[in-house]
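A.B. asks: show me the folded form of this:
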Amino acid sequence: MSQGNPDIRQTVEANRGAVKKLQLLIPGLRGYRSKEDIRVSDELLRNQVADRLDKVKGNLEQIRKQMATAGDLTNLTSVGSLISQVQALSGEVRHAAQGYAGWVAPIQVDEDKLNKLYDYDYTFVTTVFQLDEATSPGNLTYDGASPNSIQTALGGFAGNVADIRQKWSLRMEAIEGIALGQ
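C.D. replies: Below you'll find the model as predicted:
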């Protein structure tokens, strides 16, 4: 995905055992194994994204504690709503249906479409990582003496979460389009 992070698909391929490598040699199993590896890669990717969203939630919870300690009840609703949205999105990403690459699958999905979908995820993942960075303790600070100073940042984060949710929805629509043979 980036220069510093290897493509998860390559890692999954590199970790194939003897049985999986044998499956790649057998014509009837080759497609199954390739699709199954992409499915596993997708699951690993989604879990990493959900972990980052959980980290964002933790970052926001730290800010909420600082607000409560400072007696700032004005911003608690905004940050609480944001925490709920991030938590819900994390759950959706982590627990989304993985698909099935069965031997006699009722819906045929070709490997090229799956790879295009995986490549499409780059913008989705990048946006989540940027939100994590923006909410990290070094970048997001709360000043109890000036509680209004955080409102702009919280509004921006709400927009970021909406953007991530939209990207997730587009991804799911793409999956459904693939599943329907479109």
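A.B. asks: secondary structure element holding Asp42?
C.D. replies: Remark: Asp42 resides in helix 27-70, with elements defined by DSSP states H and E.
A.B. asks: now the element after that helix, going C-ward?
C.D. replies: Per DSSP H and E, the helix or strand that comes after helix 27-70 is helix 76-95.
A.B. asks: and that following helix, what's buried?
C.D. replies: By neighbour count on 16 or more other C-beta atoms under 10 Å, the buried set for helix 76-95 is 78-79, 82-83, 85-87, 89-90, 92-94. Where C-beta positions appear, they are placed from N, C-alpha and C, glycine not excepted.
A.B. asks: what does stretch 162-176 give?
C.D. replies: 163-165, 167-168, 171, 174-175.
A.B. asks: turn those into a markdown table, including distance to Ser41, pLDDT and secondary structure.
C.D. replies: Below are the buried residues of stretch 162-176 laid out as a markdown table (distance: C-beta to C-beta, whole Å; pLDDT from 0 to 100; DSSP: H, G, I helix; E, B strand; the rest coil):
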| residue | distance to Ser41 | pLDDT | secondary structure |
| --- | --- | --- | --- |
| Asp163 | 24 | 93 | helix |
| Ile164 | 20 | 93 | helix |
| Arg165 | 23 | 92 | helix |
| Lys167 | 18 | 87 | helix |
| Trp168 | 18 | 87 | helix |
| Arg171 | 14 | 78 | helix |
| Ala174 | 16 | 72 | helix |
| Ile175 | 14 | 67 | helix |
